[in-house]
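Peer 1: have a look; sequence and predicted model below, questions after that.
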Amino acid sequence: MVELINKVALITGASGGLGNFVTEAFLATGATVVGVARSIQPSAFAHPKFVAMPADLSKGEATKQMVDAAIQRFEKLDVLVHVTGGFAGGELIDNTDDVTWDKMMNLNLRSAFNICRAVLPHMRKAKRGRVIAIGARSAVEPKAYLSAYCASKAALVSLIRTAALEGKEDGITANVLLPGTMDTPANRADSPSADFSKWVPPAKVASLALWLASEEASQVSGALIPVYGAGL
């Protein structure tokens, strides 16, 4: 079992469908978890090492202020797990409106840029850090009618791989997990007739994130790790 005692992990989207699993998994290792979401509350996780820090990650200054507050309290951030994201689509490129495009870019790309820009200087100063982002299979296998979503996730991959290149001299690794459809309540509600057994269990994604945060994964950086489940 991975142990992250005395480590501080910042998890964005901490109270979402996947974020719940990731947060619980990191708390179980002994890590202190800073859970971030727009309206997250301390009651989201009944654990003495959980700290809620609400922030709108689409806003650069708000993101920086939240990270600065975390650094002031804990003096370091060892791990960033960026789970925050969203999904929208269903139209041809020609029928995709600005609202949908901007929503996907803000949720899936700008939020990642803002949190990386705020966290990486502290990791660079400490000469170590782990960045783990949750991408999507469609980042590397785009689908019709999902242009904004796929483009934003592909850009996320490029951003994190760039972070890996820029962090290699400072002990910082950066990797992306690429899940297929995950077995969350929201996805079940959207596709009630699907075969859920072929979907990816969120706990498996959380376990991989834990491994990437561990010393065992210190030589892994810039990787895109597929987690496609039984429905390959």
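Peer 2: Looks like it arrived, so ask away.
Peer 1: what ranges in this protein fall below the confidence cut-off?
Peer 2: Residue ranges of the chain with pLDDT under 70: 1, 231-232.
Peer 1: which residues in it form helices?
Peer 2: Taking DSSP state H to define them, one finds helices in the chain at 19-28, 60-74, 98-105, 111-126, 147-167, 185-190, 202-213.
Peer 1: so which bits of the first one are buried?
Peer 2: Along helix 19-28, the positions that meet the burial threshold by neighbour count (16 or more other C-beta atoms under 10 Å) are Gly19, Asn20, Phe21, Val22, Thr23, Glu24, Ala25, Phe26, Leu27. Glycine gets a C-beta too; all of them are placed from N, C-alpha and C.
Peer 1: also the second one?
Peer 2: Of the residues in helix 60-74, those buried under the neighbour-count criterion (16+ other C-beta under 10 Å) are Ala62, Thr63, Lys64, Met66, Val67, Ala70, Ile71.
Peer 1: ok, so of the residues you listed, who is nearest Leu224?
Peer 2: Leu224 lies nearest to Thr63 out of the buried residues of helix 60-74, by C-beta to C-beta, at 24.5 Å.
Peer 1: could you measure from the closest one over to Ala118?
Peer 2: Distance from Thr63 to Ala118, counting by C-beta to C-beta, to the nearest Å: 5 Å.
Peer 1: cool, and Lys103?
Peer 2: Taking C-beta to C-beta, one finds Lys103 at 22 Å from Ala118.
Peer 1: who's more crowded, the two?
Peer 2: Each of Lys103 and Ala118 has its neighbours counted (other C-beta atoms under 10 Å); Ala118 has more, 25 against 18.
Peer 1: ok, that one - contacts?
Peer 2: Contacts for Ala118 (C-beta atoms under 8 Å, 6 or more residues apart in numbering) come out as Thr63, Lys64, Met66, Val67, Asp68.
Peer 1: check contacts around the closest residue to the first one other than its chain neighbours.
Peer 2: Nearest in space to Thr63, with sequence neighbours left out and distances taken as C-beta to C-beta, 6 or more residues apart in numbering, is Asn114 at 4.1 Å. Remark: with contacts taken as C-beta under 8 Å, 6+ apart, Asn114 is in contact with Leu57, Ser58, Lys59, Gly60, Thr63, Lys64.
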